[in-house]
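Undergrad: Sequence and predicted structure are below.
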Amino acid sequence: MHPEKAARDREFDREALPWLDDVYRFALSLTRDSVDAEDVVQDTFLRAYKSWHTYVPGSDCRRWLFTICRNVFLRSLERRSPTVDFGDSEGDALANGATFREASHDTSDDLYARLDLGPAIERALAKLPEPFQSTLMLVDVEDQPYEAAATILGIPVGTVRSRLFRGRRLMQEMLMTQARDMGYAS
């Protein structure tokens, strides 16, 4: 093995491989299927290794890998099914506003203390349409700043904020519906 290739391999192992679990978790949030997520992660790291010469040492490797992962996922979607446009409408905004107002009036602290909301949140997040889901995953779950999410998703920061607002409202609506179904909210 050439010394340059060995050094490159060591650098890749040191910089990229520690983020394997994070990339898998992100891929799983996008694909909603463990087998598909494993495929996306494998393709992500293969592409990252092949493109390692473009990585700037010392920069945010996790962000770089997330960007590759998202692109791999989007390419896999293009091969599978047509794109669906989730356009904003005034009716959606009014309905989401009403749900938000209703939820903000319910101050049942003891109710929230008794609930295990993790599974309900995971189910709601899994049902969330893709443009909103990946944005919520990056900002709210992976704790990425808006600017980093914008870079990873390849969209302006304003679009990140808009998707977060709408995605959070959709999540709130789904969780409120579930709370009503379970008898926790009126």
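TA: That came in fine, so what should we check first?

Undergrad: So what's the gap between the helix or strand hosting Lys5 and the chain middle?
TA: Taking DSSP states H and E as the definition, one finds Lys5 inside helix 3-15. Distance of helix 3-15 from the chain centroid (C-alpha atoms, centre = their mean, to the nearest Å) equals 29 Å.

Undergrad: And stretch 65-79, by the same measure?
TA: For stretch 65-79, the distance to the chain centre is 12 Å (C-alpha atoms, centre = their mean).

Undergrad: Could I get the buried residue list for that stretch?
TA: Of the residues in stretch 65-79, Leu65, Phe66, Thr67, Ile68, Cys69, Arg70, Asn71, Val72, Phe73 count as buried by neighbour count, 16 or more other C-beta atoms under 10 Å. (Glycine included, C-beta is placed from N, CA and C.)

Undergrad: helix/strand/coil for Ile155?
TA: Put simply, Ile155 is coil when judged by DSSP: H, G, I helix; E, B strand; the rest coil.

Undergrad: dump the residue contacts of it.
TA: Counting by C-beta atoms under 8 Å, 6 or more residues apart in numbering, Ile155 touches Arg163.

Undergrad: Cys61 too?
TA: By C-beta under 8 Å, 6+ apart, the contact list for Cys61 reads Glu15, Ala16, Trp19, Tyr55.

Undergrad: Can you tell me how far it is from Arg75?
TA: 21 Å (C-beta to C-beta, to the nearest Å).
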